[in-house]
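K.L.:
structure of the sequence below:
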Amino acid sequence: MNDVLLANDWEGRQRMDEKYDVIGDVHGCFHEFKNLTVRLGYDWASGLPVHPDGREIVFVGDITDRGPESLTMIDVTAGLVEKGFGRYIPGNHCDKLYRWMIGRPVQVSHGLECTVRDLNTLPLKKRSDIMQTFIRLYEQSPLYLILDDGKLVVCHAGIRGEDIGRPVGKRLRSLLLYGDTTGKTDAHGRPERRDWAKNYHGSSLIVYGHTPVGKPRWKNRTVNIDTGCVFGGSLTALRYPEEETVSAVSSMPFTADSFRSFSD
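P.N.:
So this is what the prediction gives:
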């Protein structure tokens, strides 16, 4: 992972007409991902979702864990990025999977056990290939993206306006991956998080995920598009520059306790 910001992505790649479909936390729900991209007009004839109008898919992170097809999502995401059809930033689950793959001590829990189990069912060569694909994807990806001359910012869990454009140090890395945590836990044992979006007053549109919500949550110039697909909600995309959301209903069992509500 490059801790120096790589996200001023218009340098050398700027297009006159930037159009993106930013997709929320997939968590291994490949079936819903494919359904959503078809609804968005992508063609899968090549084995990857390619849009006839040159739109790009942008992942907000957490493509793996908990769901049934995390390894497929690794292959598809890496393929899109390598061919220039998509962009990806890691989420906290991606970060933990990466650390496990390179041999660092992590707790194999909170969905990681599902991805590890899937990897361990594969022949050794195939397992090694997928791990190397993900390690390469992770290490070559920024922790957040600045697109369309700064009009659009994509991150996993959150970012403050004053941090946009800054290199990623320890504090910002934690905010980007885990959100604005207080160090305490809530009644469900999950990390307690401050509502950073409530205090954002910038002009850039910030699109993020990480915290499952029942429907896309717009607050100031931010939108949370993690609508809890792996918990039985839906998988949501934010179309840019249209600033409209499109969702595909989940096939997973619904678990109400996994969603967070906000007092806006």
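K.L.:
residues in contact with the closest residue to residue 219 other than its chain neighbours?
P.N.:
Excluding the flanking residues, the one nearest residue 219 by Cβ to Cβ, 6 or more residues apart in numbering is residue 197, at 4.2 Å. (Each C-beta comes from the backbone N, C-alpha and C, glycine too.) By Cβ atoms under 8 Å, 6 or more residues apart in numbering, the residues touching residue 197 are 158, 206, 217, 219, 220, 222, 224.
K.L.:
closest to residue 258 out of these?
P.N.:
residue 224 (14.2 Å; Cβ to Cβ).
K.L.:
and the helix or strand hosting residue 32, what does it pack onto?
P.N.:
Using DSSP states H and E, residue 32 sits in helix 30-39. Packing contacts for helix 30-39, counted by 3 or more Cβ pairs under 8 Å, 6 or more residues apart in numbering; DSSP states H and E, involve strand 20-23, helix 70-82, strand 234-240, strand 244-249.
K.L.:
and of these, who's closest to residue 105?
P.N.:
The closest of the helices and strands packed on helix 30-39 to residue 105 is helix 70-82. By Cβ to Cβ, the value is 20.9 Å.
K.L.:
so what strands line up beside the helix or strand that that closest one is followed by?
P.N.:
Where DSSP H and E defines the elements, the next helix or strand beyond helix 70-82 is strand 86-88. Sheet pairing here is set by DSSP bridges, and for strand 86-88 it gives strand 56-59 (parallel).
K.L.:
for the partner strand, which outside residues touch it?
P.N.:
Here strand 56-59 makes contact (Cβ under 8 Å, 6+ apart) with 19-23, 26, 37, 42, 49, 77, 80, 85-89, 145, 147, 154.
K.L.:
where does the closest residue to residue 163 other than its chain neighbours fall, secondary structure wise?
P.N.:
Nearest residue to residue 163 in three dimensions, chain neighbours excluded: residue 172, at 5.4 Å (Cβ to Cβ, 6+ apart). Assignment of secondary structure by DSSP H and E places residue 172 within helix 170-178.
K.L.:
can you show me the CA trace of the very next helix or strand once past that helix as CSV?
P.N.:
For helix 170-178, the following helix or strand on the C-terminal side (DSSP H and E) is strand 181-185. Output of strand 181-185 as CSV, limited to C-alpha atoms (Å, rounded to 0.1, in the frame of the first residue of the first chain):
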residue,chain,number,x,y,z
THR,A,181,-14.3,6.0,16.0
THR,A,182,-14.5,7.0,19.7
GLY,A,183,-12.7,4.0,21.1
LYS,A,184,-15.9,2.7,22.7
THR,A,185,-18.3,0.1,21.6
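K.L.:
could you find the closest non-adjacent residue to residue 30?
P.N.:
Excluding its sequence neighbours, the residue lying closest to residue 30 (Cβ to Cβ, 6+ apart) is residue 69, at 3.7 Å.
K.L.:
rounded mean pLDDT for the helix holding residue 172, please.
P.N.:
Taken as a whole, helix 170-178 has a mean pLDDT of 96.
K.L.:
could you do stretch 71-85 as well?
P.N.:
For stretch 71-85, the mean pLDDT works out to 98.
K.L.:
what does that stretch rub up against?
P.N.:
26, 28, 30, 33, 47-50, 56-57, 59, 63-64, 67, 86-88, 115, 118-119, 122, 130, 133-134, 136-137, 140-141.
K.L.:
buried only: go through the residues you listed for me.
P.N.:
26, 28, 30, 33, 48-50, 56-57, 59, 63-64, 67, 86-88, 115, 118-119, 130, 133-134, 137, 141 (16 or more other Cβ atoms under 10 Å).
K.L.:
tell me, how many residues neighbour the nearest residue to residue 100 once chain neighbours are set aside?
P.N.:
Spatial nearest neighbour of residue 100, excluding adjacent residues (Cβ to Cβ, 6+ apart): residue 106 at 5.0 Å. Other residues near residue 106 come to 14 when the count uses other Cβ atoms under 10 Å.
K.L.:
list the contacts for residue 106?
P.N.:
Neighbours of residue 106 in contact, by Cβ under 8 Å, 6+ apart: 96, 99, 100, 112.
K.L.:
gap between the helix holding residue 172 and the chain center?
P.N.:
Computed by Cα atoms, centre = their mean, to the nearest Å, the separation of helix 170-178 from the middle of its chain amounts to 14 Å.
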